[in-house]
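# dropping a prediction and its sequence here:
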Amino acid sequence: MAEYQTRPPGANPVGDTFRCPICLEEVRNPKYLSCFHTFCETCIQTYISSTAARKDNETLKTIECPVCRKRIEAPNNDITSEEWALALPPNKLIASMSVDPKKEEHKFCMFCKRNNKSVTAEHWCKSCMESICDDCKCFHSCVPSLRDHKIISLSDALGLKNDIEVDEPCSVHKGKLLEVYCTDHDKLCCSICFATKHRKCEQVQAIEDVAAEMDEDRVQHKLTLFNDLLESLENLQEEYSDKVTTLNSRKQEIVSSAEKKVEEIKSQIDKAHAQWLKIFEQKHREFVGNIEVASDEIKRLATTVRDAKTLLQTVQENGSTKQIFVTNHKLGVQVLEHLDRLRALNIWDFVQDYNHQNTDFLLQICNDGSFQNVSCSEMRSTALQKISTFVSLMSDKTDIARRRKVMCRKDWMKVNFEKISEMNLSTRVYYGLFVSDTKVIMSIENPRSLKVYDVSDAVGECVHTHSCQATPYGLCQSGDCMDIVYVSFRDHVDYYHIKVAGSVTFIKLGTFQLKEPMLAISYGTATVSSANDSKRMICSSDFSDINHSSSFSKHGAAAAFVSTSRSDRHCFVRESELVVVDQNNTEIFQSSVTGGSRRGLTFDLQDNILICLMNSKIKQIRNGGTESRDINLPGIQKSYNVVLHPTGEKMLVLDFNSKCCVYKVS
């Protein structure tokens, strides 16, 4: 590939006036591009051949000027590099100023050469820009169109250099010569340029007239500027050359110094590496060993469950009713005990990954004398959550599904509510849940905590307080697992296994980071409904994807909406209306609510809606909105939120005046 080369610093600028920027030799058969940079015809042809290309957004092949990088388009797409170079305009001015009788191309008459004759040239025609013999000179005097051509003897060196004049072609209109100068636009124009673009300009003169008035000092001033600029550019090149030399020298110094330092601390590095590797290997064995222990425990549990399944299936097929009952009970106890033993093991916090961000061992050795140890990121295994879920589902003590089935047979628009427990709270509470038949959990804003209350007696009491680093807001459960509770902390959701048998114990199972703030959360069968101060959302069950969202205005200090775990409907308050939508946010029905200030709500077992009215009543609205009734609540002054026990046997109502009541449903 032909490449642009630079003149060495300090070279004589006069000697380089007519040198090709590609080959750095005296230019031969000069051709120029539209940017006016001139090259040998063969040099620019080679350059075109190696660099011409067409981009996707261009219609013609292009090259970049080897000097200034201006993009030059080809005359047409099918042109060859030879044709393209040949089509470039010759630089007649440089050709005229480069006449040398000693050059091979100037020794013979070019007119005769075209007639296959070799006749020594004696003269130079400045108009034709060709060497001619005596006979061709006489021919010039005989032809009227050639009679005015300026002819100089090739031996007249001074005459060859003086009075050089070339008709400059127009770069826009082929075949036209530059004739006028437009002072308004500072443009050299041909007749067509003048007629199409400069006819209305006020200051347009013939080039000859402008040249006659030209101040030669201006030309000399420009030459001085060119000379100064060239000197400045040469100084910059020398400066850059010196900089490269300095950098090369500094590089060698630094490399040598670094090699010396590396040699000096090699023994320290080897020692530190051995110690680092020993600690890493020890921790790795510990972490992997913990996972292997957990895997072995899961394998043992799988054996228990597999044997229990096989035995129960065989007894179901072949045993008596009594034997089936006894076997079912014994195997249930066996599996539950095994599950409880697993939950009690402290083996469920696994290392997820290793982190070693700073690997600049050399710097660590110099500063600390040792390598930075590998850290690890831990995450609680989901196995504990799955185990806890099975414990809840297999417990014969709660038997939620059976008891709820009995309660579903009632006509819920006619059921009664009898107060069985009441408690005064030390602070206002917005959310609560049943975590067993006799225990409820409350989210406390001040101090930030989760409190568990025993409501087995007429007067409930707090039996456990779990402190929180952030303020807990919404509470909910997933499915029938009463002891698996999800807690919203605005920017994340933690979920716990809450053991209430004997003493109360909180076991954190995991955390979901939220893409949007969530103050209230409610699990459906397949999706989660949530809300903050300004937006209501329907999300995936792990909170990772927000499927639907819309603007939302909460009523009071807590968001008023709820999901049903049976049909995955979502219910919320919109101004004076109660609205029910499905998991796709499609509206099912709406109903007007009057008679109070609308607050918390819940679905009953037949998907009717219970809504608090900030008075001593709650309103019940039949599924579909066709019927409603007011329910009096003894002990409540301002009903604020309502929660139903998963079996439907009890109902919890929060009073805005720091109070809570539990009611039996009959």
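The structure has been received and is ready for your questions. Residues are numbered from 1 along each chain as shown.
# so which elements touch the biggest strand by length in the chain?
Counting residues, the longest strand in the chain under DSSP state E turns out to be strand 505-518. Here strand 505-518 touches strand 375-380, helix 382-394, strand 490-499, strand 527-531, strand 535-540, strand 546-551, going by 3 or more C-beta pairs under 8 Å, 6 or more residues apart in numbering; DSSP states H and E. Where you see a C-beta, it was placed from the backbone N, CA and C, and this is true even at glycine.
# which parts of it are buried?
506-507, 509, 512, 514, 517-518 (16 or more other C-beta atoms under 10 Å).
# stretch 482-491 too?
482-490.
# got it, and stretch 196-210?
Of the residues in stretch 196-210, 198, 204 count as buried by neighbour count, 16+ other C-beta under 10 Å.
# tell me which residue is most central in the protein.
The chain has Lys515 as the residue nearest its centroid, 15.1 Å off, counting by C-alpha atoms, centre = their mean.
# per-residue confidence at that one?
For Lys515, the pLDDT comes out at 88.
# for it, which non-adjacent residue is closest in space?
The shortest distance from Lys515 to any non-neighbouring residue, by C-beta to C-beta, 6 or more residues apart in numbering, is to Ile546 (6.5 Å).
# again, but for Ala401
Using C-beta to C-beta, 6+ apart and skipping the chain neighbours, the partner closest in space to Ala401 is Asp480 (6.6 Å).
# which SS class is the one you found?
coil (DSSP: H, G, I helix; E, B strand; the rest coil).
# in the stretch 501-650 of the chain, where is pLDDT below threshold?
Scanning the stretch 501-650 of the chain for pLDDT under 70 picks out 555-559, 565.
# ok, 90 please
Applying pLDDT under 90 to the stretch 501-650 of the chain flags residues 501-503, 505, 507-512, 515-516, 519-579, 581-586, 592-600, 625.
# show me where pLDDT drops low in the stretch 301-450 of the chain?
Along the stretch 301-450 of the chain, the model assigns pLDDT under 90 to residues 301-312, 314-405, 426-430, 436, 445-446.
# mind listing the strands for it?
349-355, 375-380, 417-424, 432-434, 439-444, 449-454 (DSSP state E, counting those that start in this stretch).
# that older thread, next, the angle from the longest strand of the chain to strand 439-444.
40 degrees (axes from the mean of the first three to the mean of the last three C-alpha atoms, to 10 degrees).
# so how far is strand 505-518 off the chain centroid?
How far strand 505-518 lies from its chain's middle: 25 Å, per C-alpha atoms, centre = their mean, to the nearest Å.
# next, the angle from the helix or strand containing Gln237 to strand 349-355.
Gln237 is part of helix 216-318, with elements assigned from DSSP states H and E. Calculated by the same axes, to 10 degrees, helix 216-318 forms an angle of 160 degrees with strand 349-355.
# helices or strands up against helix 216-318?
Using 3+ C-beta pairs under 8 Å, 6+ apart, helix 216-318 is in contact with helix 321-344, strand 349-355, helix 361-368, helix 382-394.
# can you do 7 Å?
The helices and strands touching helix 216-318, judged by 3 or more C-beta pairs under 7 Å, 6 or more residues apart in numbering; DSSP states H and E, are helix 321-344, strand 349-355, helix 361-368.
# can I get those in a markdown table with distance to Met413?
What follows is these, written out as a markdown table (distance: least, C-beta to C-beta, whole Å):
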| stretch | distance to Met413 |
| --- | --- |
| helix 321-344 | 37 |
| strand 349-355 | 49 |
| helix 361-368 | 73 |
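# which one of these lies nearest to Thr564?
helix 321-344 (28.9 Å; C-beta to C-beta).
# how close does Ser257 sit to Arg250?
According to C-beta to C-beta, to the nearest Å, Ser257 and Arg250 sit 10 Å apart.
# now swap in Leu605 and tell me
Using C-beta to C-beta, which is the criterion applied here, Leu605 is 82 Å from Arg250.
# between the two, which is the more surrounded one?
Counted by other C-beta atoms under 10 Å, Leu605 and Arg250 do not tie: Leu605 has more neighbours, with 20 against 10.
# what about the nearest residue to that one once chain neighbours are set aside, distance to Trp412?
Spatial nearest neighbour of Leu605, chain neighbours left out: Gly648 (4.4 Å); criterion: C-beta to C-beta, 6+ apart. Distance of Gly648 to Trp412, computed by C-beta to C-beta: 8 Å.
# excluding chain neighbours, what is closest to Gly624?
What sits nearest to Gly624 in space, not counting adjacent residues and going by C-beta to C-beta, 6+ apart, is Phe589, at 5.6 Å.
# the one you found and Arg622 touch, don't they?
No - counting by C-beta atoms under 7 Å, Phe589 does not reach Arg622; the two are 10.2 Å apart.
# which residues touch Asp483?
Shown in contact with Asp483 (C-beta atoms under 7 Å, 6 or more residues apart in numbering): 392, 435, 497-500.
# repeat for Ala87
By C-beta under 7 Å, 6+ apart, the contact list for Ala87 reads Pro75.
# next: the one 3 residues further on.
Under the criterion of C-beta under 7 Å, 6+ apart, the neighbours of Pro90 are 30-31.
# got the CA positions of stretch 572-582 in CSV?
Provided in CSV are the C-alpha atoms of stretch 572-582 (Å, rounded to 0.1, in the frame of the first residue of the first chain):
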residue,chain,number,x,y,z
PHE,A,572,-58.3,-2.0,45.8
VAL,A,573,-60.1,1.2,46.7
ARG,A,574,-60.4,3.9,44.0
GLU,A,575,-61.9,7.1,45.4
SER,A,576,-65.5,6.1,46.5
GLU,A,577,-65.4,2.8,44.6
LEU,A,578,-64.2,-0.7,45.4
VAL,A,579,-62.6,-2.3,42.3
VAL,A,580,-61.8,-6.0,41.6
VAL,A,581,-59.3,-7.0,38.8
ASP,A,582,-57.8,-10.2,37.7
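# quick one: buried residues of it?
With the criterion 16+ other C-beta under 10 Å, stretch 572-582 contains buried residues 572-574, 578-581.
# tell me which of these fall in helices.
Judged by DSSP state H, helices contain none of those.
# and Arg613, how close does it get to Gln220?
Careful, residue 613 is Leu; it's not Arg. According to C-beta to C-beta, Leu613 stands 99 Å off from Gln220.
# and the two? Which one has more around it.
In this view Leu613 and Gln220 are compared by other C-beta under 10 Å, and Leu613 has more residues nearby, 19 against 10.
# quick one, what contacts the more buried one?
By C-beta under 7 Å, 6+ apart, Leu613 lies in contact with 595-598, 619, 639.
# same deal with Arg54?
Contacts of Arg54 (C-beta under 7 Å, 6+ apart): 60-62.
# now the residues you listed in TSV, with secondary structure and neighbour count?
As requested, these are exported to TSV (DSSP: H, G, I helix; E, B strand; the rest coil; neighbours: other C-beta atoms under 10 Å):
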residue	secondary structure	neighbour count
Leu60	coil	13
Lys61	coil	21
Thr62	strand	16
